[in-house]
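Visitor: could you work out the structure for the sequence below:
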Amino acid sequence: MILSAAAAFITFSLFGLGGDTVNFDNLKPRTFPPFWTATANRPLELSRWEVLRDATAPSRPNVLMKEAGPASDSEFSMAVFDKVLCRDGDLSVKFKIEQSARRVKTAGIIWRYQDQKNYYLLHFSVEEKNIVLFRVENGQAHPIPITGEKPGAFGVTHDVHTGQWYVAKVIFRGNNIKVLFGNRQLFEAVDDSLPTAGKTGLWTRGGTEAAFDDFRIDKKA
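Guide: Numbering: from 1, shown residues only. Predicted coordinates for the structure are as follows:
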């Protein structure tokens, strides 16, 4: 195990060579982590992402928190990991959506990120009780059908509770995407729309407050 205090990275051999894990634990609270960029689909949604202490964190003491903001339901806020650019990879993160007065409580992870308007998104919704895979092209989100399901079936129905930590993983190779939740495979999908290498990162919608820990990207190509 090799630990870099400046960037709070741990490199493991568990998932293969070339993986980067960010646990934020060696960073000062109320700061923004190195090698990341905060961005949004609208300028008004540049609400705060910062490292905070969380006694419930899977790897204590710190998490990366997206704090609640005054965003509308259609606004998306992202924290993009700039260090790794990949076409194929294994992406995982632990996350917790916080209880709040806002109607929307939705978070996600992104990959093959080109810019604020083009990327893949796996979305976890408390209010809609589902986990859905999207491609975002030119700022428009399009749900991706699940392999083997009836036409028009998108994602899966799944309870996502506030205040509870979950682990999610996406395995993407070429046009094939596998989604795991809680270390159990949920579904597979095929999509050719965004074949170019891109960045990975974290996503929230509509002012959602959420915490993230143990972000890992294992680059394959």
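
Visitor: the nearest residue to Leu64 once chain neighbours are set aside: neighbour count?
Guide: Spatial nearest neighbour of Leu64, excluding adjacent residues (CB to CB, 6 or more residues apart in numbering): Phe212 at 4.7 Å. For glycine as for every other residue, the C-beta is placed from the backbone atoms N, C-alpha and C. When neighbours are counted by other CB atoms under 10 Å, Phe212 registers 23.

Visitor: again, but for Pro151
Guide: Pro151: 5 neighbours (other CB under 10 Å).

Visitor: now do the residue nearest to Leu64 against His142, distance only.
Guide: Phe212 sits 25 Å away from His142, going by CB to CB, to the nearest Å.

Visitor: nearest the geometric middle of the protein, what residue?
Guide: In the chain, the C-alpha nearest the mean C-alpha coordinate belongs to Ile109, at 1.9 Å (CA atoms, centre = their mean).

Visitor: any idea which helix or strand comes after the helix or strand hosting that residue?
Guide: Secondary structure assignment for Ile109, by DSSP states H and E: strand 106-115. Under the assignment DSSP H and E, the closest C-terminal helix or strand after strand 106-115 is strand 118-125.

Visitor: what strand or helix carries Ala38?
Guide: strand 36-40.

Visitor: across the sheet, point out what pairs with the residue nearest to Leu64.
Guide: Residues in a beta bridge with Phe212, per DSSP bridges, are Leu64, Phe95.

Visitor: that'll do, ta.
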